[in-house]
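A.B. asks: here's a sequence, model it:
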Amino acid sequence: MEGNVIDVSHIVDIRTDKCPRDPKTIENFKHVGDSDDPLNERCFQIVTAESNTCNTFYSFMAFTKEDCKMFTEDLFKICNHFLNSNLSQMDFVRKMHKRILLSSKDDKHVSMKDIIKAVAKRRQEESVEALKTAGLKPIDRKNDQIAKEKFNFKAFYKFYKEMLGESTAAVAKVFDDIKSGGKRNYITLDQMVDFLNKYQRDPRLNEILFPHHNADGTKKLIQAYEPDASKQKLRQITLEGFTNFLMSPDNLPTNILNLPIYQSMDQPLSHYFINSSHNTYLTGDQFSGKSSVEIYRQCLLGGCRCIELDCWDGEDNEPIITHGFTLCSSILFKDVIHAINETAFKTSPYPVILSFENHCTPRQQQKMAKYCMEIFGDKLLREPLDDPKAQLKPGCMLPSPEMLKYKILVKNKKRKEDMPDQMEKDDEKKEEEVAPLAGTGIYLDGVEPPNDKEDEDNNKGNDSASKAPTSWKIGRKRPKTSLSKLVNYIMPAPKFRGFDQAAKKNVSYEMSSFVETAALNHLK
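C.D. replies: Now for the predicted structure:
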């Protein structure tokens, strides 16, 4: 039977307390081991992803719940290491070779079909010729088996380069340009130093922190990647050595030292670019795409720190998330909150911002607030921090990501009556926030409409009473579970009137969104 190999770099999540759905698998799991631990405490899921919308789930079971806990925690640390997704091209080629070997049906041979499937399944004829060129021929004409002892990395790498075709020719052209033509088959040390400084180094870098390449450092590169020992002694590098260098960890496009958090996280939140998602719930287009709870998990696991929730009234007083006035499917708001709670801080401790596009009636907004408080618990930032420098008043800056670690913030409109005394009121007089916005079905937060029974009781014995039960009276008592009360450091500004006005107001907790053209106009 062909084996299934899971690449740790493809693992995006490991979920415990997850029994398989298949009854046969559950029955088989029950007979494994002799532990008295409940089955669900021994089961876990490994989730792999080719993209955020293409996930595969694998069910496993440990002998004991202690084994399950230890294995899943350690494996997730390995999978979540930043180097897994920042390997060199050569490392990926080595992983491809290893995967083919491990997936083989037997211990002594590997099938040509498996090799072609792993490398270039749509170029079969070309792949067969490339295998022959690399010296990887089948044992006999009757089958396509290649002895594993011949299928070493050196032979596979030769096959891989044959399959690159035009890419190899492009590298050869660069190599020829560096050595300025001629018949010699190498680049000199001085030419290599010149190439590294002119083309492989960002000229904007600080020359003290990131000095130019020199002869000593380049000699070490030649010794590491040039396979011909005689060329190494002459400080020369051939096309093969040059290609090896281009595919090596020494030629990564990113500085791996800068992949972990290396800068200060103690500045105000507004001093950082925030990894954000728009229409997070959609896995397809914005007209008829499918909405997914899983996509929220994938975005958060991928490092996103600001996600969008388009909230609408659902049936049975259950808020839903969807793209309004389209054919997009909907998902339950409650399910999304559970998914966020499970994954918000699995890969990053820094704050998560829930950006609400709120179209719900006050009654369902109360349900939303209730779910947020009950499910998130202490993770939800309900009140401003005690730090005197991070208060909601003019002149105070926003708290830093470090101060907001493991906290979930709500971005939504906030009613004036829910604002602390120190928060500056907007100069403009707003209309009463107790009625729906005309013709939109959008209600501002915090006012609970009376139910049908209340309307009947209020209208008994009063024939002249209003027959419009869909509206509710000004001055009705505000509910305690208002979504507005959960908003603190991030709220929409009434209207951005320019940087001069913003400087006079001098509040950090308001934010504005506008298109690029409007932004450019403000800069003029």
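
A.B. asks: quick one: distance of stretch 275-289 to the chain centre.
C.D. replies: Computed by C-alpha atoms, centre = their mean, to the nearest Å, the chain-centroid distance of stretch 275-289 equals 14 Å.

A.B. asks: next, the distance between the ends of that stretch.
C.D. replies: Start and end residues of stretch 275-289 are separated by 23 Å (C-alpha to C-alpha, to the nearest Å).

A.B. asks: quick check: buried residues in that stretch?
C.D. replies: Along stretch 275-289, these residues count as buried under the neighbour rule (16 or more other C-beta atoms under 10 Å): 277, 279, 280, 281, 282, 283, 289. (C-beta placed from N, C-alpha, C; glycine too.)

A.B. asks: for stretch 76-84, same thing?
C.D. replies: The neighbour-count check on stretch 76-84 (16+ other C-beta under 10 Å) flags 76, 79, 80 as buried.

A.B. asks: ditto for stretch 11-22
C.D. replies: The neighbour-count check on stretch 11-22 (16+ other C-beta under 10 Å) flags 11, 12, 13, 14, 15, 16, 18, 19, 20 as buried.

A.B. asks: then stretch 36-52?
C.D. replies: Buried residues in stretch 36-52 (16+ other C-beta under 10 Å): 41, 42, 43, 44, 45, 46, 47, 48, 49, 52.

A.B. asks: export it to CSV, keeping only CA atoms.
C.D. replies: This file holds the C-alpha atoms of stretch 36-52, laid out as CSV (Å, rounded to 0.1, in the frame of the first residue of the first chain):
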residue,chain,number,x,y,z
ASP,A,36,-9.2,4.0,30.4
ASP,A,37,-8.9,7.6,29.2
PRO,A,38,-12.0,8.8,27.2
LEU,A,39,-11.6,8.4,23.4
ASN,A,40,-12.1,12.1,22.7
GLU,A,41,-9.2,13.0,25.1
ARG,A,42,-6.8,10.7,23.1
CYS,A,43,-7.9,11.8,19.6
PHE,A,44,-6.5,14.7,17.7
GLN,A,45,-6.7,16.2,14.2
ILE,A,46,-3.8,17.3,12.0
VAL,A,47,-4.9,20.0,9.5
THR,A,48,-2.8,20.6,6.4
ALA,A,49,-3.4,23.3,3.8
GLU,A,50,-2.3,24.0,0.3
SER,A,51,-4.1,27.3,0.6
ASN,A,52,-6.5,29.0,3.1
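
A.B. asks: and that stretch, how far out from the chain's middle?
C.D. replies: 20 Å.

A.B. asks: contacting residues around it?
C.D. replies: Stretch 36-52 has contacts (C-beta atoms under 8 Å, 6 or more residues apart in numbering) with 6-7, 10-20, 26, 29-30, 33, 35, 55-65, 67-68, 71-72, 75, 283, 295, 298-299, 302.

A.B. asks: buried among the residues you listed? Make that a ChimeraX selection.
C.D. replies: Filtering the contacts of stretch 36-52 down to the buried ones (16+ other C-beta under 10 Å) takes a single ChimeraX command:
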select :11,12,13,14,15,16,18,19,20,26,29,35,55,59,60,61,62,65,68,72,283,295,298,299,302
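
A.B. asks: follow-up on the earlier one: pipe the buried residues of stretch 275-289 into JSON lines and attach pLDDT and secondary structure per row.
C.D. replies: Output for the buried residues of stretch 275-289, formatted as JSON lines (pLDDT from 0 to 100; DSSP: H, G, I helix; E, B strand; the rest coil):
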{"residue": "277", "pLDDT": "95", "secondary structure": "coil"}
{"residue": "279", "pLDDT": "96", "secondary structure": "coil"}
{"residue": "280", "pLDDT": "97", "secondary structure": "coil"}
{"residue": "281", "pLDDT": "97", "secondary structure": "coil"}
{"residue": "282", "pLDDT": "96", "secondary structure": "strand"}
{"residue": "283", "pLDDT": "94", "secondary structure": "coil"}
{"residue": "289", "pLDDT": "95", "secondary structure": "coil"}
